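Enquirer: Have a look at this fold, sequence not included:
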């Protein structure tokens, strides 16, 4: 059941990538990310209130949809506001900041769990997601342009997607990205915790500390890779 709940979130996250990419191109990161953060907050609140597998699964699906635009919105905003050669570095910085969530879900969450319970943690996540939605709406602005640009239709955007899928360069990089994403999501989100418990024999505090180090490595790697890509 735990594996199913994780899978529901990841499937929703994956299926929503293409639609959210279209929405970001059509309406921009400010509107889309504000709305998606509100959806994530709804998912967190629904999970805190749920009392059965059906409710938990629906809440997890909402979470997956809500957080699916996070990285894409950052990339879209960075591509609008920064020069092309700077996008990798500023995205690496964003990944470093975003990785703080992965850190918070390990040892810090384990420390406060006895105080507020797992439902309390999801209420905290609800508040944080709503705060992020408000911050995005109030702080992100559309770039100033010398002349208004015609917004492409949905049909034209779908044509762009078809062109991307037909591009050989895209398929040169895609298998590597798929492999790294599968390893990251599967290991951190599904396998590491149970393996550390059942095979390595670690207790809750030790597992949280080990996963804390794993999340720290992800943050450091994303930051360093972004700077390196910009440098090269």
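Expert: Looks like it arrived, so ask away. Please read these numbers as outputs of a predicted model, since none were measured by experiment.
Enquirer: My guess is residue 209 contacts residue 106. True?
Expert: Yes - applying Cβ atoms under 8 Å, one finds residue 209 in contact with residue 106, separated by 7.4 Å. (Each C-beta comes from the backbone N, C-alpha and C, glycine too.)
Enquirer: which one of those two has more residues nearby?
Expert: residue 106 (21 against 15; other Cβ atoms under 10 Å).
Enquirer: what sits against residue 72?
Expert: The contact partners of residue 72, taken as Cβ atoms under 8 Å, 6 or more residues apart in numbering, are 17, 20, 21, 24.
Enquirer: Of these, just the buried ones, ChimeraX syntax please.
Expert: Buried residues within the contacts of residue 72, by 16 or more other Cβ atoms under 10 Å, are selected in ChimeraX with:
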select :20,21,24
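Enquirer: Dump the contacts of residue 72 to CSV, plus pLDDT.
Expert: Output for the contacts of residue 72, formatted as CSV (pLDDT from 0 to 100):
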residue, pLDDT
17, 91
20, 92
21, 89
24, 90
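Enquirer: now, which of the contacts of residue 72 lie within helices?
Expert: 17, 20, 21, 24 (DSSP state H).
Enquirer: what sits against the first one?
Expert: Under the criterion of Cβ under 8 Å, 6+ apart, the contact partners of residue 17 comprise 68, 72.
Enquirer: one step back: quick one: which of the contacts of residue 72 is nearest residue 179?
Expert: residue 17 (16.7 Å; Cβ to Cβ).
Enquirer: Look up how far residue 162 lies from the closest one.
Expert: Relative to residue 162, residue 17 is positioned 16 Å away (criterion: Cβ to Cβ, to the nearest Å).
Enquirer: How about residues contacting stretch 200-217?
Expert: By Cβ under 8 Å, 6+ apart, stretch 200-217 touches 99, 102-103, 105-107, 109-110, 187-188, 192-193, 196-197.
Enquirer: got the residues you listed as JSON lines, with secondary structure, pLDDT and distance to residue 5 columns?
Expert: Converted to JSON lines, the contacts of stretch 200-217 look like this (DSSP: H, G, I helix; E, B strand; the rest coil; pLDDT from 0 to 100; distance: Cβ to Cβ, whole Å):
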{"residue": "99", "secondary structure": "helix", "pLDDT": "82", "distance to residue 5": "23"}
{"residue": "102", "secondary structure": "helix", "pLDDT": "79", "distance to residue 5": "18"}
{"residue": "103", "secondary structure": "helix", "pLDDT": "82", "distance to residue 5": "22"}
{"residue": "105", "secondary structure": "coil", "pLDDT": "81", "distance to residue 5": "15"}
{"residue": "106", "secondary structure": "coil", "pLDDT": "82", "distance to residue 5": "19"}
{"residue": "107", "secondary structure": "helix", "pLDDT": "83", "distance to residue 5": "22"}
{"residue": "109", "secondary structure": "helix", "pLDDT": "87", "distance to residue 5": "17"}
{"residue": "110", "secondary structure": "helix", "pLDDT": "85", "distance to residue 5": "19"}
{"residue": "187", "secondary structure": "helix", "pLDDT": "82", "distance to residue 5": "17"}
{"residue": "188", "secondary structure": "helix", "pLDDT": "77", "distance to residue 5": "15"}
{"residue": "192", "secondary structure": "helix", "pLDDT": "85", "distance to residue 5": "16"}
{"residue": "193", "secondary structure": "helix", "pLDDT": "84", "distance to residue 5": "13"}
{"residue": "196", "secondary structure": "helix", "pLDDT": "90", "distance to residue 5": "19"}
{"residue": "197", "secondary structure": "helix", "pLDDT": "90", "distance to residue 5": "17"}
